[in-house]
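Undergrad: only the shape, not the letters, is given here:
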């Protein structure tokens with residue numbers, strides 16, 4: 001048998017296949033690590049060069065041939081929008097919070113039982129408070145009146161209320177009428193002073209269309225009622241009263257004469273100095289006032 005070679009020579013040693021693979025693997029790992037480190041270094045160098053280029057502009061040659069000084073470029077800092085500032089945010093937040101708190105607190109304050117008790121209210125219902133016996137009722141008829149009919153109601157305005165009240169008073173009049181005075185006149189002499197005295201007695205009487213009593217007069221009803229107290233029966237119309245006397249010139253007119261509008265729309269009792277007693281219109285009262293138009297004529301009543 002041949003004798004195995006001896007010594008330290010590596011060539012004489014048989015290498016296991018697995019050991020050879022392990023050596024090659026370690027070499028590959030080291031080479032891959034060196035490649036990764038090299039790639040990372042190149043990337044870092046590129047980033048550094050780019051950063052230097054942003055913040056530093058290399059020197060350039062000027063027109064005079066001299067080298068210009070380097071110029072540093074710093075990016076502008078962006079300003080925060082107005083609504084993004086801390087102070088503005090805090091102010092808006094506090095405003096919204098205060099508004100919400102006030103809104104939530106109002107009903108609780110308005111219907112606080114302690115406040116109601118201090119006000120001597122036993123309920124917070126408005127209708128119940130208004131109908132309570134110890135409630136101070138302040139009735140204003142001109143504000144609102146409710147008419148009840150078959151369980152329903154409707155509001156009436158002040159003008160309608162006043163008209164209804166005036167008509168009720170007119171219908172309920174029980175004093176002497178013009179016919180009563182004609183039958184038994186309190187004055188036997190028809191003179192200017194007495195006529196004006198009787199006419200002035202009814203100043204303030206409200207106007208009622210078709211009215212002929214001291215509870216309400218219209219223009220011709222007022223004139224007829226005044227002269228009825230002298231035993232003169234006048235028709236309740238301007239046209240009829242204009243035909244009951246004689247026409248006089250304006251310069252000859254005397255107190256106590258009738259003032260007739262030329263269009264027969266109105267009449268009154270002449271008081272002298274361009275004034276007359278009359279019942280003007282709906283919503284007004286009997287008054288002494290200037291004759292407001294020149295389109296008038298005067299009629300003097302004559303007694304038999």
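TA: It's in. Values in this document were obtained by computation on a predicted structure and should not be read as measured data. Numbers count the residues shown, from 1 in each chain.
Undergrad: helices along the protein, start to end?
TA: In the chain, the segments counted as helices under DSSP state H are 17-55, 86-110, 113-118, 126-131, 158-171, 178-183, 192-200, 219-228, 238-242.
Undergrad: and the fourth one, average pLDDT?
TA: Taken as a whole, helix 126-131 has an average pLDDT of 53.
Undergrad: please apply the same query to the second one.
TA: In this model, helix 86-110 has an average pLDDT of 71.
Undergrad: what do you get for stretch 27-46?
TA: 87.
Undergrad: what of stretch 276-295?
TA: Rounded mean pLDDT across stretch 276-295 is 95.
Undergrad: contacting residues around it?
TA: 159, 196, 199-200, 202-207, 209, 211, 217-219, 221-222, 259, 261-263, 266-271, 274-275 (CB atoms under 8 Å, 6 or more residues apart in numbering). Placement of C-beta: from N, CA and C, glycine included.
Undergrad: likewise stretch 187-194?
TA: With CB under 8 Å, 6+ apart as the contact definition, stretch 187-194 has outside contacts at 198, 229-232, 254-256, 301, 303.
Undergrad: which parts of that stretch are buried?
TA: For stretch 187-194, burial by neighbour count (16 or more other CB atoms under 10 Å) applies to 190, 194.
Undergrad: could you do stretch 273-283 as well?
TA: Those would be 275-280, for stretch 273-283 by 16+ other CB under 10 Å.
Undergrad: okay, these in a markdown table with distance to residue 99 next?
TA: A markdown table is the format used below for these (distance: CB to CB, whole Å):
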| residue | distance to residue 99 |
| --- | --- |
| 275 | 65 |
| 276 | 65 |
| 277 | 65 |
| 278 | 62 |
| 279 | 60 |
| 280 | 56 |
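Undergrad: and those residues, which is closest to residue 241?
TA: residue 278 (12.5 Å; CB to CB).
Undergrad: report the beta-bridge partners for that closest one.
TA: residue 287 (DSSP bridges).
Undergrad: so of the helices of the chain, which one's packed in deepest?
TA: helix 219-228 (a mean of 25; mean count of other CB atoms under 10 Å).
Undergrad: contacts for it?
TA: 178-179, 181-182, 185, 195, 198-199, 202, 205, 210-214, 217, 233-238, 240-241, 258, 266-269, 277-280, 286, 301.
Undergrad: can you do 7 Å?
TA: With contact meaning CB atoms under 7 Å, 6 or more residues apart in numbering, helix 219-228 is reached by 178, 181-182, 195, 198-199, 202, 211-212, 217, 234, 236-238, 241, 258, 266-269, 278-279, 286, 301.
Undergrad: give me the pLDDT for the closest residue to residue 258 other than its chain neighbours.
TA: Nearest residue to residue 258 in three dimensions, chain neighbours excluded: residue 299, at 4.2 Å (CB to CB, 6 or more residues apart in numbering). Here, the pLDDT recorded for residue 299 equals 96.
Undergrad: low-confidence ranges, the stretch 101-250 of the chain, go.
TA: 104-156 (pLDDT under 70).
Undergrad: swap in 80 and give it another go.
TA: 101-157 (pLDDT under 80).
Undergrad: tell me how many other residues surround the residue lying closest to residue 263 once chain neighbours are set aside.
TA: In this structure, residue 263 finds its nearest non-sequential neighbour in residue 295, 7.2 Å apart by CB to CB, 6+ apart. Applying other CB atoms under 10 Å, we find 10 residues neighbouring residue 295.
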